[in-house]
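# just need the structure, nothing else, for what follows:
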Amino acid sequence: MASRPTCRTTADGYSHGVVRPSRRARLAAAAAVLCATGALLPASGATAAARCGPPHQAPGFEVPARRSLVPDATCMDLQLAQDKVQAAGLRNTGAEDATGRDRSQFQDQEWVVVDQSPAPGTKVRPGTVVRFSVLAYGDRGAPPVPDRSRPGPLPRLTCFDLQEARDTLQSAGFNDVRSRDASRRGRRQFAYRNWTVEGQQPGPGGDRAKSTRITLVVLKDGETRSC
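Residues are numbered from 1 along each chain as shown. From the prediction side, this is the model:
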């Protein structure tokens, strides 16, 4: 059984409008609210963890990443959130425990993103660090641990790069993934980031067993007309 966070009152770090509290102090304050009410109240526009469901229900789950734009990773597992940032051409990410207890994230798929900075849709420079506030699945105020073995819908992956599509399927529990060249020239896909998904078999939706084999139909970047 997961241990319950200890609630305590700490100095808030303010000097009456002169000194802004550190991010850690703000997370600790949010944790105090979590302990008192059982609901996370994250900062500035974040989606409360209690409103998150399984990873495949995250708002940005079926949205392809765009270069230099921060993706919406709210309610994704931490592994997919990091993968989405990389698909946007950004390499630097950080994560911190939203309860303020400084727990390390050893298994990224076991944590859910409840806040992020910069905000989704922000255009940033390549070296920008995208930071996530996370809870462990099953934490108070977080969704339960997802059962990735249960049947579920296939995500719509049109216009995803091939690596991003594979990462998304893995987050949903689908691991039997193949790809083929839509041009019928039999080209092999070695650098997944250089290929774009044109179609998929089976199609999106439905209630599929996680053992389902999924074929992604792809073209090299710049060859597709629909994305």
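
# how far is stretch 175-192 from where the chain is centred?
Stretch 175-192 has its C-alpha centroid displaced from the chain centroid by 25 Å (CA atoms, centre = their mean, to the nearest Å).

# hmm, who's touching it?
161-163, 165-166, 169-170, 195, 198-199, 210-220, 223 (CB atoms under 8 Å, 6 or more residues apart in numbering). The way it works is simple: take the backbone N, C-alpha and C, and place the C-beta from them, glycine included.

# take the residues you listed and keep only those in helices.
162-163, 165-166, 169-170 (DSSP state H).

# direction included, what does whatever helix or strand S179 lives in pair against?
In this structure, S179 sits in strand 177-181 according to DSSP states H and E. Here strand 177-181 has these sheet partners by DSSP bridges: strand 214-220 (parallel).

# quick one: contacts of the partner strand?
Contacts to strand 214-220, defined as CB under 8 Å, 6+ apart, come from residues 154, 157, 162, 165-166, 169, 174, 176-183, 187, 189, 194-202.

# now, of those, which are buried?
154, 157, 162, 165-166, 169, 174, 177, 179, 181-182, 189, 195-198, 200 (16 or more other CB atoms under 10 Å).

# helix or strand: which one has V112?
For V112, the host element (DSSP H and E) is strand 111-117.

# list the helices and strands that strand packs on?
In this structure, strand 111-117 packs against helix 78-87, strand 129-136, with contacts taken as 3 or more CB pairs under 8 Å, 6 or more residues apart in numbering; DSSP states H and E.

# could you chop the protein up by domain?
44-136, 152-220 (automatic domain parsing).

# so which of those is nearest V145?
Relative to V145, the nearest member of the domains of the chain by CB to CB is domain 44-136, separated by 7.4 Å.

# how far does that closest one sit from the chain's center?
5 Å.

# and E223, what is it in contact with?
For E223, the set of contacting residues under the criterion of CB under 8 Å, 6+ apart consists of 183, 196.

# per-residue pLDDT, L34?
At L34, the predicted lDDT confidence score is 38.

# try A50
According to the model, A50 carries a pLDDT of 47.

# same question for Q200.
Note on Q200: pLDDT of 98.

# now swap in P155 and tell me
98.

# same deal with S44?
Turning to S44, the model gives it a pLDDT of 37.

# re earlier: so which of the helices and strands packed on strand 111-117 is the most packed in?
Between these, the one whose residues have the most neighbours on average, counting mean count of other CB atoms under 10 Å, is helix 78-87 (a mean of 23).

# what's that helix packed up against?
Judged by 3+ CB pairs under 8 Å, 6+ apart, the packing partners of helix 78-87 are strand 92-97, strand 111-117, strand 129-136, helix 162-172.

# can you pull the contacts of the spatially closest residue to P143 that is not a sequence neighbour?
Excluding the flanking residues, the one nearest P143 by CB to CB, 6 or more residues apart in numbering is C52, at 4.8 Å. Contact analysis of C52 by CB under 8 Å, 6+ apart lists 58, 74-75, 112, 114, 142-143.

# most neighbours among these, which one is it?
The most neighbours of any of the contacts of C52, using other CB atoms under 10 Å, belong to V112, which has 30 neighbours.

# look up how far S133 lies from it.
10 Å (CB to CB, to the nearest Å).

# cool, thanks, signing off.
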